[in-house]
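**Q** Any chance you can model this:
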Amino acid sequence: MPATVFISTAAPKTGTSTFCPSCYADCRKSAKADTGGNFNIESLDPQLTFQILAVAKGYKPKFVSKVDPAKGPVKIELEPIESSDATPDRSLRGRVLDAKGEPLESAVVEMEGVRTVWITSLAFIAANLGAQEVIGMCASGAKYGIMTAHFYWIGAVPAMLFVGIFMMPFYYGSKARSVPEYLKLRFDEKTRGLNAITFAVMTIFSSGISMYALGLMFQLVLGWSFTSSVLLSAFIVLGYTLLGGLTSAIYNEVLQFFLIVLGFAPLAILATYRAGG
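**A** Sure, this is the predicted structure:
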């Protein structure tokens, strides 16, 4: 079966652009390789470089980055799929038919991640329900009253709506899995590195505050040693992150969401009842 080559993303050869990497008109183009493995995608913008994707039945898909048509033909070598990767329980088979029930040749079928939408959505919410929010917001509420809620009404809620409405289409279109990865596609490696370093520094400080709040809560509620509580929580987080990576972090945040909701629901009901509402 012949291989098919797609234009995945594009970027200017020099400078930057307001377009997302997959929003260029050339990203809709593709071509099939002939019996000699040769392919030709015509009428490409000479001011762009491309990331191309090659797929073929029985072979692993492969991306090739920074392809400049002006430098001549590009060579793509596909690796065959091992028999252990092609078992029936790991393969999806079917038929594509037209409205008359006739089979369609060379139709392209793509996978879409639908099953985990609710999981990632809950994880996104739980990411804003850590020790800083649970303990810090309660303390700020006790000290400043309803003014504490203005932090979310004025700051967090508009920011989340902006990201969801305006930025997520760019992230989704570029297939980026993180902000640094998107910045690399949008600008260059230096921008990605700067964002990654600054975000890592912020995360260290933020995680330190969260662990301090957690250790202080364990010390006051359970009577545990503050140092032991911090070290125990750090080893637990380090353990499941090393074993499961991002997937384990997402599912942990989902569990955290339900624990916080179930734990704070009675408190919210009692507080409303005591306040006369």
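**Q** So what's the residue count around residue 195?
**A** 18 (other CB atoms under 10 Å). All C-beta spots, glycine's among them, are computed from the backbone N, C-alpha and C.
**Q** Check whether it really touches residue 179, as I assumed.
**A** Yes. The criterion here is CB atoms under 8 Å, and residue 195 meets it with residue 179 at 6.4 Å.
**Q** confidence score at the residue nearest to residue 50 when sequence neighbours are not counted?
**A** Once flanking residues are discounted, residue 50 sits nearest to residue 67: 4.7 Å by CB to CB, 6 or more residues apart in numbering. Residue 67 is assigned 91 on the pLDDT scale.
**Q** what's near enough to touch residue 67?
**A** By CB atoms under 8 Å, 6 or more residues apart in numbering, the residues touching residue 67 are 49, 50, 51, 52, 74.
**Q** what about residue 63, which SS state?
**A** strand (DSSP: H, G, I helix; E, B strand; the rest coil).
**Q** same thing with the one 3 residues further on?
**A** Per three-state DSSP, the local secondary structure of residue 66 is strand.
**Q** surely it meets residue 51?
**A** Yes. Counting by CB under 8 Å, residue 66 does reach residue 51; the two are 7.4 Å apart.
**Q** so what are the domain limits for this structure?
**A** For the chain, automatic domain parsing gives the domain ranges 4-90, 117-274.
**Q** can you put the ones you listed in TSV and add distance to residue 106?
**A** Shown next, in TSV, are the domains of the chain (distance: least, CB to CB, whole Å):
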stretch	distance to residue 106
domain 4-90	7
domain 117-274	23
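**Q** quick one, what contacts residue 120?
**A** Going by CB under 8 Å, 6+ apart, residue 120 touches residue 250.
**Q** secondary structure element for it?
**A** Assigned by DSSP states H and E, residue 120 falls within helix 117-126.
**Q** what does residue 211 give?
**A** Following DSSP H and E, one finds residue 211 within helix 189-221.
**Q** Can you give me the buried ones in that helix?
**A** Across helix 189-221, burial judged by 16 or more other CB atoms under 10 Å covers 192, 195, 196, 210, 211, 212, 213, 214, 215, 218, 219.
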